[in-house]
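Asks: Kindly return the folded structure for what I paste below:
(chains A, B, C and D)
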2 protein chains.
Amino acid sequence: MTVKKRLVDSAIGLLRRRGVAGTGLAAVLEDSAVARRSIYLNFPDGKNQLVAEATRVAGERVHSRMLRHEGTAEELIAILIQNWIKELQQTDFRAGCPVAAAAMGHEVAAEAGIAAGDAFEAWTEALASSYEADGLARREAQTSATLAVCAIEGAIILAQATRSIEPLQRIAEGLTGASGAGGEAAGSSGESRQLPWLLL
Amino acid sequence: MTVKKRLVDSAIGLLRRRGVAGTGLAAVLEDSAVARRSIYLNFPDGKNQLVAEATRVAGERVHSRMLRHEGTAEELIAILIQNWIKELQQTDFRAGCPVAAAAMGHEVAAEAGIAAGDAFEAWTEALASSYEADGLARREAQTSATLAVCAIEGAIILAQATRSIEPLQRIAEGLTGASGAGGEAAGSSGESRQLPWLLL
DNA sequence: TTCCAAGTAGACCGATCGGGCTACTCTGAC
DNA sequence: GTCAGAGTAGCCCGATCGGTCTACTTGGAA
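Replies: Sure thing, here's the model as predicted:
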């Protein structure tokens, strides 16, 4: 793995746990086992550039995963929520969303905040397209997509604060009608999901 | 205004803009025009205690405002969203939610993270009670309340990152059926709001 | 009137911050 | 074989971090 990728991966991991301002270069160097000088060889503008690149990469990873999805929009939402439940449980609620962290650190690192905005817009557009493919009109698809992205990001924050996955389970129920309790991510079998009372 | 209250108010304002790790005591002292020593007279445990108290106070202010509300749950949600639209526009998208900031800083300041969790739970319960008063069953009320709180918190983050109030307008439409474009906060007149396609 | 708790002003501490620097090593292209 | 670019190791810088301290002022209660 290249030095640049190691730096970005370490930065993403630390952003998730400590946020932009709370992540020092010393921590990134220790975590990535990279020499101090190598940061400035790969990111001449220093921390701001590294954090911005980390945000861009993290956002693009989620985005490409969303574009790869072939089922319905609600199935995609269920998968994303199940992934976050797993991530939070595995890290004892320590690791949140790096893009949200970059968004909240926009005053400290402006470039990263812009990258976060780009990521959110790409996610919303991908989900809206999925909703449209499911038959929703453009406007309703955009509204539903925005609601889903916002709810997921908010639920991650509530889950970390309350140290409970309940917020994620509840929004899964509200957004998709799934109980969210099952271990499986999406409706694997062809069983017709019960539509949530919020929809239709 | 007492020294303690000035410190807390300054801390809340700085938390909203720079987050927990990004808020230094020097900035709090400058903003509140208080002597350095006075921090430790009022908050013997220093920054952690100040940030925790600021989070608790900020959460309680919103909570008491929610309890004061007398209309429907959807009207309350519309009011909260309109308030956030106004706050974001007035601060050029610089000031976010202090409770969310404390939640994301849980690794840096644990006490504040707990206070954030308490605030989120109180908000959700207040909104769920309002939904129950509107006729929803307990379970549906809790789900709808959690979805609303998560969506609002997430939308604030998306709005800051994209420097646009569109996420808030869209979740207002998704959660309440309101267009969110009007300046007035809640349906002031007795006109029957059109239910969103997401509800009913 | 006295006196003490709270506040002010400001120096000071060790630690850490982001960043720049030199010197040395390694490796692949010419 | 040479040489340039990238990486390593580590020291150094000024600034800022949270926190502690002394000295002085002030205002209200005993």
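
Asks: all helices of chain A, in order?
Replies: Read by DSSP state H, chain A holds these helices, from start to end of the chain: A:3-18, A:25-32, A:36-42, A:47-68, A:73-90, A:98-104, A:110-133, A:138-162, A:166-176.

Asks: Dump the second one to CSV, keeping only the CA atoms.
Replies: Written as CSV, here are the backbone C-alpha positions of helix A:25-32 (Å, rounded to 0.1, in the frame of the first residue of the first chain):
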residue,chain,number,x,y,z
LEU,A,25,-0.7,15.0,12.5
ALA,A,26,1.2,13.2,15.2
ALA,A,27,-1.7,10.8,15.6
VAL,A,28,-1.9,10.3,11.8
LEU,A,29,1.9,9.7,11.7
GLU,A,30,1.8,7.2,14.5
ASP,A,31,-1.2,5.3,13.1
SER,A,32,0.1,5.2,9.6
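
Asks: ok, and which of the helices of chain A has the densest surroundings?
Replies: By mean neighbour count, with neighbours taken as mean count of other CB atoms under 10 Å in any protein chain shown, helix A:98-104 ranks first of these at a mean of 30. (Each C-beta comes from the backbone N, C-alpha and C, glycine too.)

Asks: Give me the contacts around that helix.
Replies: With contacts defined as CB atoms under 8 Å, 6 or more residues apart in numbering or on different chains, helix A:98-104 is touched by A:12, A:15-16, A:19-20, A:51-52, A:54-55, A:58-59, A:62, A:109, A:112-113, A:115-117, A:119-120, A:153, A:156-157, B:19, B:96, B:100-101, B:104, B:157-158, B:160-161.

Asks: Is it possible to get the helices of chain A out as CSV so that each row also shows mean pLDDT and distance to DNA strand D?
Replies: As requested, the helices of chain A are exported to CSV (pLDDT from 0 to 100; distance: least, CB to the nearest atom of the strand, whole Å):
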stretch, mean pLDDT, distance to DNA strand D
helix A:3-18, 98, 4
helix A:25-32, 98, 8
helix A:36-42, 98, 4
helix A:47-68, 97, 12
helix A:73-90, 97, 27
helix A:98-104, 98, 17
helix A:110-133, 98, 18
helix A:138-162, 97, 21
helix A:166-176, 97, 29
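
Asks: now for these, which one comes closest to B:Arg37?
Replies: Closest to B:Arg37 of the helices of chain A, according to CB to CB: helix A:3-18, at 29.1 Å.

Asks: by how many degrees do that closest one and helix A:110-133 diverge?
Replies: Interaxial angle, helix A:3-18 versus helix A:110-133 (axes from the mean of the first three to the mean of the last three CA atoms, to 10 degrees): 80 degrees.

Asks: C-alpha coordinates for helix A:3-18, PDB please?
Replies: Output in PDB follows, covering the C-alpha atoms of helix A:3-18 (Å, rounded to 0.1, in the frame of the first residue of the first chain):
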ATOM      1  CA  VAL A   3       2.300   5.900   1.600                       C
ATOM      2  CA  LYS A   4      -0.400   8.300   0.300                       C
ATOM      3  CA  LYS A   5      -3.100   5.700   0.800                       C
ATOM      4  CA  ARG A   6      -1.900   4.800   4.200                       C
ATOM      5  CA  LEU A   7      -2.000   8.400   5.200                       C
ATOM      6  CA  VAL A   8      -5.500   8.800   3.800                       C
ATOM      7  CA  ASP A   9      -6.800   5.700   5.500                       C
ATOM      8  CA  SER A  10      -5.300   6.700   8.900                       C
ATOM      9  CA  ALA A  11      -6.800  10.100   8.500                       C
ATOM     10  CA  ILE A  12     -10.300   8.700   7.700                       C
ATOM     11  CA  GLY A  13     -10.100   6.400  10.800                       C
ATOM     12  CA  LEU A  14      -9.000   9.300  13.000                       C
ATOM     13  CA  LEU A  15     -11.600  11.700  11.600                       C
ATOM     14  CA  ARG A  16     -14.300   9.200  12.400                       C
ATOM     15  CA  ARG A  17     -13.200   9.100  16.100                       C
ATOM     16  CA  ARG A  18     -11.900  12.500  16.900                       C
END
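
Asks: ok now it, how far from the chain's centre?
Replies: 15 Å (CA atoms, centre = their mean, to the nearest Å).

Asks: and that helix, what does it pack onto?
Replies: Applying 3 or more CB pairs under 8 Å, 6 or more residues apart in numbering or on different chains; DSSP states H and E, one finds that helix A:3-18 contacts helix A:25-32, helix A:36-42, helix A:47-68, helix A:98-104.

Asks: residues touching A:Ala11, list them.
Replies: Neighbour list for A:Ala11: A:Thr23, A:Val28, A:Leu50, A:Val51, A:Glu53, A:Ala54 [criterion: CB under 8 Å, 6+ apart].

Asks: what about the residue of chain A most remote from its centre, distance to A:Ala27?
Replies: Seen from the C-alpha centroid of chain A, the residue lying at the greatest distance (CA atoms, centre = their mean) is A:Arg37, 30.3 Å away. Look at A:Arg37 and A:Ala27: by CB to CB, to the nearest Å, they are 17 Å apart.

Asks: re the thing from before, ok, which of the helices of chain A comes nearest B:Gly46?
Replies: Using CB to CB as the measure, helix A:3-18 is the one of the helices of chain A that comes nearest B:Gly46, at 18.8 Å.

Asks: ok, back up a step: okay, the helices and strands packed on helix A:3-18 in JSON lines with distance to DNA strand C next?
Replies: Converted to JSON lines, the helices and strands packed on helix A:3-18 look like this (distance: least, CB to the nearest atom of the strand, whole Å):
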{"stretch": "helix A:25-32", "distance to DNA strand C": "4"}
{"stretch": "helix A:36-42", "distance to DNA strand C": "4"}
{"stretch": "helix A:47-68", "distance to DNA strand C": "3"}
{"stretch": "helix A:98-104", "distance to DNA strand C": "14"}
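
Asks: Put together a markdown table for the ones you listed, with distance to A:Leu7 on each row.
Replies: Conversion of the helices and strands packed on helix A:3-18 to a markdown table gives the following (distance: least, CB to CB, whole Å):
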| stretch | distance to A:Leu7 |
| --- | --- |
| helix A:25-32 | 5 |
| helix A:36-42 | 6 |
| helix A:47-68 | 6 |
| helix A:98-104 | 14 |
